[in-house]
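Novice: have a look; sequence and predicted model below, questions after that.
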2 protein chains.
Amino acid sequence: MSATTPSSVRIVEVGPRDGLQNEAKPVATEDKFTFVRLLAEAGVREIELTSFVRPDAIPQLADAAALAERVRAHGFSDAVRLSALVPNMRGLEAALAAGIPEVAVFLATSDRFSERNIRATVEESFTRIAPVIAHALQSGLRVRGYLSTVYGCPYEGKVEPQKVLRLSERLLEMGVYEVSLGDTTGIATPGQVEAVLGLLLAIIPAHRLAGHFHDTRGMALANILTAWKMGITTFDASAGGLGGCPYATGASGNVATEEVVALLESLGAPTGISLPKLVEASAFMLDRLGRESPSKLHRVLASTAAAH
Amino acid sequence: MSATTPSSVRIVEVGPRDGLQNEAKPVATEDKFTFVRLLAEAGVREIELTSFVRPDAIPQLADAAALAERVRAHGFSDAVRLSALVPNMRGLEAALAAGIPEVAVFLATSDRFSERNIRATVEESFTRIAPVIAHALQSGLRVRGYLSTVYGCPYEGKVEPQKVLRLSERLLEMGVYEVSLGDTTGIATPGQVEAVLGLLLAIIPAHRLAGHFHDTRGMALANILTAWKMGITTFDASAGGLGGCPYATGASGNVATEEVVALLESLGAPTGISLPKLVEASAFMLDRLGRESPSKLHRVLASTAAAH
């Protein structure tokens, strides 16, 4: 393994959205705001704030507009980029009304997962998001694309890397600036990451791809290390390891931002994030949720901090 | 990261010794035997059975001779290599009497850790183990060397890689066939592994070194992946992630054998170990201990198995 020369490294914090959308009871908007503020103070520069979805679909995020308003009233440094997931045109309109400068659209690789998740096949999803992407771009927004179940589908099993490549290319052609490749159920292994990214990176420049790994099976960091060594420099993560996928059995566990920071910093890549402050931000939200972090690193750092 | 060509890969199972020596109450000898038998049936080929220490020092392992006798009475395939840790000449004599074909000796990189752990400085440790190694070799045993706190000492902090190199070379010159480099408190990062192994591998052949990582901070698999990519092919692991270091605060968590198997198999390296059977072996001992595994992969696989 050759030494890596750090260039740009980006960590996209998805805790406020992906981390909280699966919680049994909604979190108070003011607590979400404090969480986001603490994340920004820790040096996190990209934060996915919420998702503009139907309140009855994901009641946990029903306060999307209120949270965006609270954040706007506070005013963040221009250095912090905020974004929101939008499932359809109505969501985009709401995001535009809320003044969100970046939106993300969502696509899965398999029809069965897609149908259970958003009640649309993959092709129907394209039909649905095409005008969303176009309108967002016309409105001056940046658009990010999520492609989930990249390393396997809980219902259909194996996913062909060629299919991942085709879907990623179509998203990029539609104008998303980057495709975040989701290991939605945390089943990817380093060998698989080498195979899938090996294929994709022969065609797609590395800076157009991001890694979105879940730590369901404890493989997230090894997968991220593998992707990093192959040239991927953008990773999604969730502070404290909050969250999961509500539609996939056993799919708890976004990789903890703490772990990604520790990994990349150890390899000489400056993330700009203060680990102690990040732990504080995570601990704040974990405390509100009454939960223990699934991240060993978070737990060790939080207990060390508490001892001082 | 280039594709790895698997050659030989060795997993040294330390669960019966390192995994159990820190348990509050001793485990019945017959349960330890069953654990070892299940591990062997899962395809584990190297098992550190116990440690021949003073019963008052580590009462958990006071049945070392009885366990060895039980194992000998059962008779294992020649394909399974059994070993035991011996801290001194008395331990070696006991191991010889028990018919153990391989012993391991122990050394730390820092005086303060060493003094707290085995009441001897590093130099005093050398004085103590030199005749042990010599006598073991004369008696036809294979001797393995553990070097602990390689990536940092909980009391002295940073450990110079040059010191790790010197100590490893001295151990090898004394006749150990391999030095297992211990991240005793689980503080190593991939960047550190690159730095330390980069130095060592310029002098010492890769097949003379093994990686012994703890998952205290969730970094074990990323560290193992890093070491593997640098040419290390032998890793210590503990079934189910049992165990830790009784002398170092917060040093719980050998990396789970399940995770090492999944990682290396994903990279095309055949371990010869059946993951479902390994999970059974771990689950047996975890059940006896009334514990949950700290390994996410073990928990997912065990719950999947239970659902069928």
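Specialist: That came in fine, so what should we check first? Residues are numbered from 1 along each chain as shown, chains lettered A, B, ... in the order given.
Novice: tell me which stretches of the stretch 51-200 of chain A form helices.
Specialist: For the stretch 51-200 of chain A, helices defined by DSSP state H, counting those that start in this stretch occupy the ranges A:64-74, A:89-97, A:111-118, A:122-138, A:161-173, A:190-201.
Novice: quick check: angle from the last one to helix A:161-173?
Specialist: So the one you mean is helix A:190-201. Interaxial angle, helix A:190-201 versus helix A:161-173 (axes from the mean of the first three to the mean of the last three CA atoms, to 10 degrees): 50 degrees.
Novice: then helix A:190-201 to PDB, C-alphas only?
Specialist: Provided in PDB are the C-alpha atoms of helix A:190-201 (Å, rounded to 0.1, in the frame of the first residue of the first chain):
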ATOM      1  CA  PRO A 190     -13.200  -4.500   0.600                       C
ATOM      2  CA  GLY A 191     -13.000  -7.100  -2.200                       C
ATOM      3  CA  GLN A 192     -16.300  -5.900  -3.600                       C
ATOM      4  CA  VAL A 193     -15.400  -2.300  -3.300                       C
ATOM      5  CA  GLU A 194     -12.200  -3.000  -5.300                       C
ATOM      6  CA  ALA A 195     -14.300  -4.800  -8.000                       C
ATOM      7  CA  VAL A 196     -17.100  -2.200  -8.200                       C
ATOM      8  CA  LEU A 197     -14.900   0.900  -8.000                       C
ATOM      9  CA  GLY A 198     -12.300  -0.600 -10.300                       C
ATOM     10  CA  LEU A 199     -15.000  -0.800 -13.000                       C
ATOM     11  CA  LEU A 200     -16.500   2.600 -12.300                       C
ATOM     12  CA  LEU A 201     -13.200   4.500 -12.000                       C
END
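Novice: mind listing what's buried in it?
Specialist: Neighbour-count burial for helix A:190-201 flags A:190, A:191, A:192, A:193, A:194, A:196, A:197, A:200, A:201 (criterion: 16 or more other CB atoms under 10 Å in any protein chain shown). All C-beta spots, glycine's among them, are computed from the backbone N, C-alpha and C.
Novice: quick one: the residues you listed as JSON lines, columns for distance to chain B and pLDDT too.
Specialist: Listed next are the buried residues of helix A:190-201 as JSON lines, based on distance: CB to the nearest CB, whole Å; pLDDT from 0 to 100:
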{"residue": "A:190", "distance to chain B": "6", "pLDDT": "97"}
{"residue": "A:191", "distance to chain B": "3", "pLDDT": "96"}
{"residue": "A:192", "distance to chain B": "6", "pLDDT": "97"}
{"residue": "A:193", "distance to chain B": "9", "pLDDT": "98"}
{"residue": "A:194", "distance to chain B": "7", "pLDDT": "97"}
{"residue": "A:196", "distance to chain B": "12", "pLDDT": "98"}
{"residue": "A:197", "distance to chain B": "9", "pLDDT": "98"}
{"residue": "A:200", "distance to chain B": "14", "pLDDT": "98"}
{"residue": "A:201", "distance to chain B": "11", "pLDDT": "98"}
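Novice: what's the most buried one of the helices of the stretch 51-200 of chain A?
Specialist: Per residue and on average, the most neighbours among the helices of the stretch 51-200 of chain A fall to helix A:190-201, with a mean of 21 (mean count of other CB atoms under 10 Å in any protein chain shown).
Novice: contacts only, for residue A:281.
Specialist: Residues near residue A:281 by CB atoms under 8 Å, 6 or more residues apart in numbering or on different chains: A:35, A:38, A:39, A:41, A:42, A:44, A:239.
Novice: once you drop chain neighbours, what's closest to the second one?
Specialist: Take residue A:38 and drop its neighbours on the chain: the residue closest to it by CB to CB, 6 or more residues apart in numbering or on different chains is residue A:281, 3.6 Å away.
Novice: what kind of secondary structure is that neighbour in?
Specialist: Following DSSP: H, G, I helix; E, B strand; the rest coil, the label given to residue A:281 is helix.
Novice: what of residue A:210?
Specialist: Secondary structure, three-state DSSP: residue A:210 is strand.
Novice: counting neighbours, what do you get for it?
Specialist: Residue A:210 has 24 neighbouring residues, counting by other CB atoms under 10 Å in any protein chain shown.
Novice: distance check, it against residue A:227.
Specialist: Going from residue A:210 to residue A:227 by CB to CB, to the nearest Å gives 9 Å.
Novice: what do those two both touch?
Specialist: Common neighbours of residue A:210 and residue A:227, using CB under 8 Å, 6+ apart, are residue A:235.
Novice: ends of stretch A:203-223, how far apart?
Specialist: End-to-end distance for stretch A:203-223: 20 Å, by CA to CA, to the nearest Å.
Novice: pLDDT of it, averaged?
Specialist: Averaging pLDDT along stretch A:203-223 gives 97.
Novice: which parts of that stretch are buried?
Specialist: Quick answer for stretch A:203-223 (16+ other CB under 10 Å): A:204, A:206, A:208-223.
Novice: stretch A:286-304 too?
Specialist: Buried residues in stretch A:286-304, counted by 16+ other CB under 10 Å: A:286, A:288-289, A:293-302.
Novice: what's the end-to-end length of it?
Specialist: For stretch A:286-304, the first-to-last residue distance is 16 Å (CA to CA).
Novice: my read: residue A:221 touches residue B:218, true?
Specialist: Yes. Judged on CB atoms under 8 Å, residue A:221 makes contact with residue B:218 at a distance of 6.6 Å.
Novice: mind telling me which of the helices of the stretch 51-200 of chain A the model trusts least?
Specialist: Among the helices of the stretch 51-200 of chain A, helix A:111-118 carries the lowest mean pLDDT, at a mean of 88.
Novice: quick one: that one to chain centroid distance?
Specialist: Chain-centre distance of helix A:111-118: 19 Å, with CA atoms, centre = their mean, to the nearest Å.
Novice: distance to residue A:261 added to the buried residues of helix A:190-201, as JSON lines?
Specialist: Listed next are the buried residues of helix A:190-201 as JSON lines, based on distance: CB to CB, whole Å:
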{"residue": "A:190", "distance to residue A:261": "20"}
{"residue": "A:191", "distance to residue A:261": "25"}
{"residue": "A:192", "distance to residue A:261": "24"}
{"residue": "A:193", "distance to residue A:261": "20"}
{"residue": "A:194", "distance to residue A:261": "23"}
{"residue": "A:196", "distance to residue A:261": "24"}
{"residue": "A:197", "distance to residue A:261": "21"}
{"residue": "A:200", "distance to residue A:261": "25"}
{"residue": "A:201", "distance to residue A:261": "24"}
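Novice: out of those residues, which one sits closest to residue B:121?
Specialist: Set against residue B:121, the nearest of the buried residues of helix A:190-201 by CB to CB is residue A:190 (40.1 Å).
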